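> next input, structure requested:
(one chain, ligands or ions: 2)
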Amino acid sequence: MRYEGDIYRPPPEADAYILQCTIGCSYNKCTYCSMYKDVRYRVRPIEDLKEDIRMAKAAFGNKVEKVFLSDGDAISLPTEMLLEILSELYSAFPKLTHVSTYAGPQSTLDKTLDEFKQLKKAGLSMTYLGVESGSDEVLKAVRKGVNSAEMLAAGQNIVEAGIKLVAMVMIGLGGSPELSKRHALETAQLINQMNPYLLGLLTTVPMEGTALFRQVTKGDFKLLDPYEVLEEIKQLLETLTNDELLIDSTHGSNLLPIKGKLSEVKADTISHINHHLSKKDNNLIGKAYVGRF
Ligand SMILES: C[S@@+](CC[C@H](N)C(=O)[O-])C[C@H]1O[C@@H](n2cnc3c(N)ncnc32)[C@H](O)[C@@H]1O
Ligand code: SF4
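Ligands and ions are numbered 1, 2, ... in the order given. Purely as a prediction, here's the structure:
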């Protein structure tokens, strides 16, 4: 297989064949994100993608059941091109049942509901949207490029088209404990309205080379301590209302792995958090930010 630069994919796509449709991220301005900082964004030519698919077919034969379209924001490709890619994939791999991609909010807003419906019909089954926060203040501070109303519209288009939406949210992105509470509350409220299939939680990690890292170093952004992280997760869980929502916080950046339906994990997780908060176990300190992106 041919790949350029570092390849990222969400944890549930670990067993997917990755087709690198773009190099980098079409937006690439979020203050916390180091993933595609070193590469200049470009779309790979469709002929190269078709050749990659032929190579994957020769290597994996009929074994491919899942495909992830990388890099950071493949939904930004023109819809016609995405439809052509989906058609090639489904004719190459007879057992294919799942094609997913990352979706930045701005490129999602550039597409109409009708385009998403066409993509769903052609076999795009899941998209991973970086929601990060429901707070306008936080979204602005991290230069996400949209406000919470625009983020909601982006997510709703995907949901309405029938494509499974994974909303990724970043714990600790508010920084100060004061903003943490509002970040948790407004994020949960946004998720309640957006109604994704799955909520993926990640804990904010200051990655070297990013604007956020410089803010942390200068003391302009305060990372939450593990107890504040737990408080934030508790506030988020208490405010979420859709019992059917799936939650996954098993990403390596997280202090507390949660996986399951909200109705099944909410009470136990809150009581577990309350226990840690009352015990103030020092062993928790320093274990919140061990992840890698
Ligand atoms: C490729 S982006 C997701 C799709 C799309 N590019 C977007 O941002 O909407 C990967 C996700 O990883 C998470 N992430 C990136 N850098 C992170 C960091 N330093 N700490 C914690 N989470 C991070 C964010 O939730 C981000 O949305
Ligand atoms: S978080 Fe997503 S949109 Fe923002 S720079 Fe990273 S890959 Fe691009």
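> from here on, just use CA atoms for contacts and neighbour counts.
Noted.
> looking at this, residue 202 is in a strand?
Yes: counting by DSSP: H, G, I helix; E, B strand; the rest coil, residue 202 is located in a strand.
> give me the distance from the worst-scoring helix or strand of the chain on mean pLDDT to the chain's centre.
Least confident helix or strand, the chain: helix 262-279 with a mean of 90, by mean pLDDT, DSSP states H and E. Here helix 262-279 is found 24 Å from its chain centre; the criterion is Cα atoms, centre = their mean, to the nearest Å.
> and that helix, what other elements does it pack with?
helix 226-239 (3 or more Cα pairs under 8 Å, 6 or more residues apart in numbering; DSSP states H and E).
> what about the strands in the stretch 1-150 of the chain?
Ranges of strands in the stretch 1-150 of the chain, per DSSP state E, counting those that start in this stretch, are 17-20, 22-23, 42-43, 66-70, 98-103, 126-132.
> then the stretch 151-293 of the chain?
Listed in chain order (using DSSP E, counting those that start in this stretch), the strands of the stretch 151-293 of the chain are 164-171, 198-203, 246-248, 259-261.
> contacts for the first one, please.
The contact list for strand 164-171, computed with Cα atoms under 8 Å, 6 or more residues apart in numbering, reads 125-133, 155, 158-159, 184, 187, 191, 196-204, 229, 232-233.
> sorry, back to before: can you redo the strands of the stretch 151-293 of the chain as a markdown table with mean pLDDT?
Formatted as a markdown table, the strands of the stretch 151-293 of the chain follow (pLDDT from 0 to 100):
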| stretch | mean pLDDT |
| --- | --- |
| strand 164-171 | 98 |
| strand 198-203 | 96 |
| strand 246-248 | 95 |
| strand 259-261 | 93 |
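> can you redo those strands as TSV with mean neighbour count and distance to residue 121?
Converted to TSV, these look like this (neighbours: other Cα atoms under 10 Å; distance: least, Cα to Cα, whole Å):
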stretch	mean neighbour count	distance to residue 121
strand 164-171	23	13
strand 198-203	23	21
strand 246-248	21	24
strand 259-261	16	27
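> let's have these in TSV, adding distance to ligand 2.
Shown next, in TSV, are the strands of the stretch 151-293 of the chain (distance: least, Cα to the nearest ligand atom, whole Å):
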stretch	distance to ligand 2
strand 164-171	10
strand 198-203	12
strand 246-248	18
strand 259-261	23
